[in-house]
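Q: here is the input, now give the coordinates:
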Amino acid sequence: MNSDRNFTAIDFETATANQNSACAIGIVTVEQGIITNEFYSLIQPPQNQYMWQTTRVHGIKPKHTAESPTFLELFPQIEHLLKGQHMVAHNELFDRNVLKKTMSLYGMSYSALGLPEMWDCTYKIYKNKGFKPARLNSCCQVMEIELNHHEALSDARACALLFLDKDKTVDLSFQDVLLTP
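A: Numbers count the residues shown, from 1 in each chain. So this is what the prediction gives:
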């Protein structure tokens with residue numbers, strides 16, 4: 001199977017600056033270049049605590065996650081979506097660390113998922129293609145991909161579409177005019 005057409009895109013939102021404070025997850029499964037499954041859930045972060053700075057970014061507040069499952073409770077629903085997969089994220093280091101550190105917080109073994117040491121990163125891919133800036137919303141604007149930025153499922157879906165379109169030739173000579181500050 002061609003791993004560029006079979007992969008899982010993931011995005012987390014966090015409640016605080018701690019990378020073990022996942023408060024939302026979006027997972028998109030791509031098989032043979034087609035999105036075949038999407039998963040989204042709010043997650044109750046540790047002590048359901050938030051920083052106003054993160055809430056300002058994604059809009060998720062303690063009242064939204066008060067009745068949500070913890071990551072430990074949610075994990076049985078998502079384990080099969082992640083285990084042994086070719087993983088893609090827009091900022092792979094961040095999302096990979098959120099997964100690792102959140103699993104560690106609950107005493108779970110990240111290595112048991114059988115994931116590669118590094119994942120494919122659409123930020124790096126598009127930066128290397130000459131996108132300036134290469135933020136998710138900027139890449140989506142140039143690539144004409146619909147995005148509700150900082151909503152985990154929308155971000156994961158956009159990442160999946162960017163990864164599928166990574167070999168597409170794009171005229172970047174006009175990107176400064178398109179991109180909003």
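
Q: okay, now the closest residue in space to Lys129 that isn't next to it in sequence: neighbour count?
A: In this structure, Lys129 finds its nearest non-sequential neighbour in Val170, 7.2 Å apart by CB to CB, 6 or more residues apart in numbering. For the C-beta atoms, the positions are set from N, CA and C on the backbone; glycine is no exception. Residues lying near Val170 (other CB atoms under 10 Å) number 15.

Q: check contacts around Val170.
A: Taking CB atoms under 8 Å, 6 or more residues apart in numbering, we find Val170 in contact with 129, 142-143.

Q: could I get the contacting residues of the closest residue to Leu115 other than its chain neighbours?
A: In this structure, Leu115 finds its nearest non-sequential neighbour in Met87, 5.8 Å apart by CB to CB, 6+ apart. By CB under 8 Å, 6+ apart, the residues touching Met87 are 7-10, 96, 115-116, 119-120.

Q: pretty sure Glu146 is in a helix, no?
A: No - Glu146: not assigned to a helix; according to DSSP: H, G, I helix; E, B strand; the rest coil it is coil.

Q: can you tell me how far it sits from Asn137?
A: Distance of Glu146 to Asn137, computed by CB to CB, to the nearest Å: 11 Å.
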